[in-house]
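J.: below is the structure, and that's it, no one-letter string:
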């Protein structure tokens with residue numbers, strides 16, 4: 001009897017070991033499949049840019065594990081890998097963490113690969129970003145991890161950076177090209193034609209100054225001010241140094257930014273209207289509402305991005321001693337249009353007064 005019991009225990013343990021071994025092997029195979037898919041995408045990108053060190057990236061990717069990130073609010077999956085070695089195409093501080101990100105479409109097709117350098121700015125002491133950090137940065141617009149996130153294209157070109165502080169996006173820096181010798185299709189030619197001209201939309205330029213244009217925002221996501229840092233000169237230029245000083249303006253001052261894709265949150269205030277003006281002395285019956293509006297800034301989208309959600313934050317009335325209460329609030333966010341509706345009322349001198357109104361915004365209104 002004891003022998004049979006011992007045999008059963010040994011058999012159970014063996015089955016457990018085999019199951020764990022198989023599960024571990026499956027994970028490795030799944031990771032290998034995704035890594036090969038990422039490398040194939042990078043390899044296909046070398047057809048347009050031969051400077052991409054595919055073999056170097058392949059070695060760095062083979063030394064690490066992929067982590068898949070997504071959240072309830074996100075419609076996209078990210079494959080994130082922390083690289084254990086620096087890459088020759090990324091010029092960053094040695095103590096910064098370097099990540100590879102693959103953007104998956106719903107059909108499991110990779111549409112983009114980027115590199116992200118994370119600098120904790122001395123705020124935290126850790127080596128690995130918690131799971132979903134980069135998804136929050138790219139798709140949500142709020143993030144528990146403060147610091148500077150610098151984004152690079154698959155060929156190692158610095159494109160934009162996001163600075164999080166206090167869990168919010170405090171600053172966005174876009175690498176922006178300001179052309180020197182330009183002409184516009186049709187009238188208004190201000191430069192000579194050249195075989196070296198590069199085209200951007202209906203603008204053409206052969207020499208440009210490249211700036212890091214950084215916009216700063218308050219805790220509600222409202223634009224505060226902008227700074228510009230000269231980075232380098234690019235193209236067929238006649239001399240060194242800056243060719244012009246671009247005018248300050250949210251969104252880059254008319255220049256051409258590098259590709260960008262990131263999320264923003266803005267707490268938007270709007271006027272619902274006024275209750276009757278015979279309320280208690282000192283009150284005007286003005287009702288104000290605030291909405292949490294999230295959007296994703298994407299350089300290739302109409303108006304520079306699209307809305308992702310709208311949630312009612314709060315509302316109030318300057319009604320003196322009369323209590324205002326909202327009976328219903330709603331909102332919709334789709335593509336480049338967001339709407340909010342607030343309905344409520346207040347009682348005064350035996351009468352009940354109601355107020356209902358809606359607001360409509362375009363994406364470029366909320367996120368210029």
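T.: Received it, and whenever you're ready, just let me know what you need. This one's a predicted model, so the numbers in the text were calculated from it and none came from an experiment.

J.: now do residue 166 against residue 68, distance only.
T.: Separation of residue 166 from residue 68 (Cβ to Cβ, to the nearest Å) stands at 28 Å. Just so you know, the C-beta spots here come from the backbone N, C-alpha and C atoms, and that holds for glycine as well.

J.: name the SS class of residue 95, please.
T.: coil (DSSP: H, G, I helix; E, B strand; the rest coil).

J.: show me this structure divided up by domain.
T.: What automatic domain parsing lists as the domains of the chain is 54-257, 264-366.

J.: hey, least reliable of these by pLDDT?
T.: When the domains of the chain are ranked by mean pLDDT, domain 54-257 comes last with a mean of 79.

J.: off-centre distance for it?
T.: 10 Å (Cα atoms, centre = their mean, to the nearest Å).

J.: so what's residue 262 bridging to?
T.: The bridge-partner assignment for residue 262, based on DSSP bridges, gives residue 297.

J.: just checking, it touches residue 164?
T.: No: contact criterion Cβ atoms under 8 Å: residue 262 and residue 164 do not qualify, at 10.8 Å.

J.: neighbour count: these two, which is higher?
T.: Between residue 262 and residue 164, counted using other Cβ atoms under 10 Å, residue 164 has the larger neighbour count: 23 against 20.

J.: please tell me how far that one sits from residue 263.
T.: For residue 164 relative to residue 263 (Cβ to Cβ), the value is 11 Å.

J.: which neighbours do these two share?
T.: Common contacts of residue 164 and residue 263 (Cβ atoms under 8 Å, 6 or more residues apart in numbering): residue 137.

J.: these two touch, right, residue 98 and residue 83?
T.: Yes: Residue 98 lies in contact with residue 83 (Cβ under 8 Å); the separation is 4.8 Å.

J.: of all the domains of the chain, which one comes closest to residue 34?
T.: Shortest distance between residue 34 and the domains of the chain, using Cβ to Cβ, is found for domain 54-257: 5.7 Å.

J.: if we can go back for a sec, same list (the domains of the chain) but as TSV, adding distance to residue 45.
T.: TSV is the format used below for those (distance: least, Cβ to Cβ, whole Å):
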stretch	distance to residue 45
domain 54-257	5
domain 264-366	17
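
J.: these: which one's closest to residue 41?
T.: domain 54-257 (4.6 Å).

J.: between residue 98 and residue 83, which has more neighbouring residues?
T.: Shown here are residue 98 and residue 83; by other Cβ under 10 Å, residue 98 has more neighbours (21 against 18).

J.: who has more neighbours, residue 166 and residue 68?
T.: Between residue 166 and residue 68, residue 68 has the larger neighbour count (other Cβ under 10 Å), namely 15 against 7.

J.: where's that one, which helix or strand?
T.: strand 66-69 (DSSP states H and E).

J.: kindly report the same for residue 173.
T.: strand 168-179.

J.: for residue 361, list each beta-bridge partner.
T.: Beta-bridge partners, per DSSP bridges, of residue 361: residue 338.

J.: no wait, residue 158
T.: Bridge pairing for residue 158 - DSSP bridges - gives residue 152.

J.: return the residues in contact with it.
T.: 150, 151, 152, 175, 258.

J.: tell me how many other residues crowd the second one.
T.: Summarising burial for residue 151: neighbours were counted as other Cβ under 10 Å, giving 24.

J.: strands of the stretch 1-150 of the chain, start to end?
T.: 66-69, 77-83, 97-104, 110-119, 147-152 (DSSP state E, counting those that start in this stretch).

J.: show residues contacting the shortest one.
T.: With contacts defined as Cβ under 8 Å, 6+ apart, strand 66-69 is touched by 31, 34-35, 77-81, 131-135.

J.: of all those residues, which comes closest to residue 159?
T.: Of those, the one sitting nearest to residue 159 (Cβ to Cβ) turns out to be residue 134, at 15.1 Å.

J.: now do the helices in the stretch 101-250 of the chain.
T.: With DSSP state H, counting those that start in this stretch as the criterion, the stretch 101-250 of the chain has helices at 133-135.

J.: gap between the nearest residue to residue 35 once chain neighbours are set aside and residue 86?
T.: In this structure, residue 35 finds its nearest non-sequential neighbour in residue 61, 5.5 Å apart by Cβ to Cβ, 6 or more residues apart in numbering. From residue 61 over to residue 86 the distance is 14 Å, taken as Cβ to Cβ.
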